[in-house]
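> Predicted model and sequence follow; I will ask about them next.
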Amino acid sequence: SHPAVEVIIMSGHGRFDDAVRATKAGAFDYITKPFVDIGDVVARVHKAIDRKRLNDQNEALHANDKAPSVFHSRDARTRRLLDQVQRAAASERNLLLVGPVGVGKTTLAEAAHQLSKRADGPFVTLNAAGSSPQLLRSAMTGAAPHGTLCLEQVDRLSPEAQAALHDVLEHQPERLTCRLISTAHTSPAYLIDNGQFREDLYWLLNGVEVELPTLNERRADVPHLAHGFLRRACEEAGLDRDV
């Protein structure tokens, strides 16, 4: 009747073969009476609770909306940030994703593109750190028509490139053929005071700014990610994916 419930069987006439049959039938554990160590019984109950909680979380993730898996997290703070990105994805506002190398800024940018009104258009990435003003202008006005341009490392834009980007965004918006998502290792807001970044450009890029946490700050996601990597490796190796 309730297959999601974890079951612990207690019996005063327990035998080993009974325990084996019970666990094969789906019982979480099998305890014989009398209880010699009540602490052991309590520990088994807590283990059953932990497994139930983990299974519930897995079910919730699989039953979630159609958002790409990158938007799923078990960490409460990360979920709030990802929800913010997901809501912003449906708008045309420029999106600025901030965080160190490896937090998944570009992956999240592409996922936001998939949820946007421009999902049928191209998703194009461009390294801003190595882009000339001419290349930047060309990309903004033609690299991703009716799609999304992901401009990476905007915090390393040269002054000339910043001027070119500001000119297109502020004075020639009718030439834009794409929605802009920017990524940065450091928020440009911290570079304004020492003159390394234009304040007026920062506010144009920062329609919505989200600072992404590192994996060390979202440890609750580690088991889920490890399971996902293992399942992918099994699929690639042609092994049973039910791990």
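Yep, it's here. Numbering: from 1, shown residues only.
> backbone phi and psi for A119, please?
phi -60, psi -30 (degrees, to the nearest 10).
> Spatially nearest residue to it (excluding sequence neighbours)?
H113 (6.4 Å; CB to CB, 6 or more residues apart in numbering). Glycine gets a C-beta too; all of them are placed from N, C-alpha and C.
> For T106, see how far away that neighbour is.
Distance of H113 to T106, computed by CB to CB, to the nearest Å: 10 Å.
> shared neighbours, these two?
C150 (CB atoms under 8 Å, 6 or more residues apart in numbering).
> before we move on, back to that, surely the residue nearest to A119 touches F123?
Yes. Using CB atoms under 8 Å, H113 makes contact with F123 at a distance of 4.6 Å.
> mean confidence score for the longest helix seen in the chain?
Assignment by DSSP state H gives helix 38-62 as the longest helix of the chain. Taken as a whole, helix 38-62 has an average pLDDT of 78.
> Which of H113 and T106 has more residues huddled nearby?
The residue with more neighbours, out of H113 and T106, is H113; 25 against 15, by other CB atoms under 10 Å.
> List the contacts of that one.
89, 119, 123, 147-148, 150, 179, 181.
> one more time with 7 Å, if that's ok
119, 123, 148 (CB atoms under 7 Å, 6 or more residues apart in numbering).
> Quick check: L126 touching A139?
Yes. The pair L126 and A139 passes the contact test of CB atoms under 7 Å, sitting 5.1 Å apart.
> who touches both of the two?
Going by CB under 7 Å, 6+ apart, residues that sit against L126 and also against A139 are L149.
> Specify which residue of these two has the higher count of neighbours.
A139 (22 against 19).
> pretty sure the more buried one is touching N127, no?
No. If you go by CB under 7 Å, A139 and N127 don't touch, sitting 10.5 Å apart.
> Could you give the separation of the lowest-mean-pLDDT helix or strand in the chain from the chain centroid?
Within the chain, judged by mean pLDDT, DSSP states H and E, the helix or strand with the poorest mean is helix 16-24; its value is a mean of 73. With CA atoms, centre = their mean, to the nearest Å as the basis, helix 16-24 stands 41 Å off its chain's centre.
> all strands for the chain, in order.
8-11, 29-32, 95-98, 123-127, 147-152, 178-184, 208-211 (DSSP state E).
> circling back to that earlier point, name the residues contacting each of H113 and F123.
T148.
> Tell me how far P223 lies from L215.
12 Å.
> actually L97, not the one I typed
16 Å.
> Name the residue in these two with the higher neighbour count.
L97 (25 against 14).
> Tell me how far that one lies from A25.
L97 is 48 Å from A25, by CB to CB.
> got it, and E235?
29 Å.
> out of these two, which sits in the more crowded spot?
Using other CB under 10 Å as the criterion, E235 and A25 rank with E235 on top: 12 against 9.
> how close does that one get to G104?
Distance from E235 to G104, by CB to CB: 21 Å.
> and what of E217?
13 Å.
> State the pLDDT value of the residue nearest the centre of the chain.
The residue lying closest to the centre of the chain (CA atoms, centre = their mean) is V70, at 3.5 Å. For V70, the model assigns a pLDDT of 72.
> Please consider this matter closed, and thank you.
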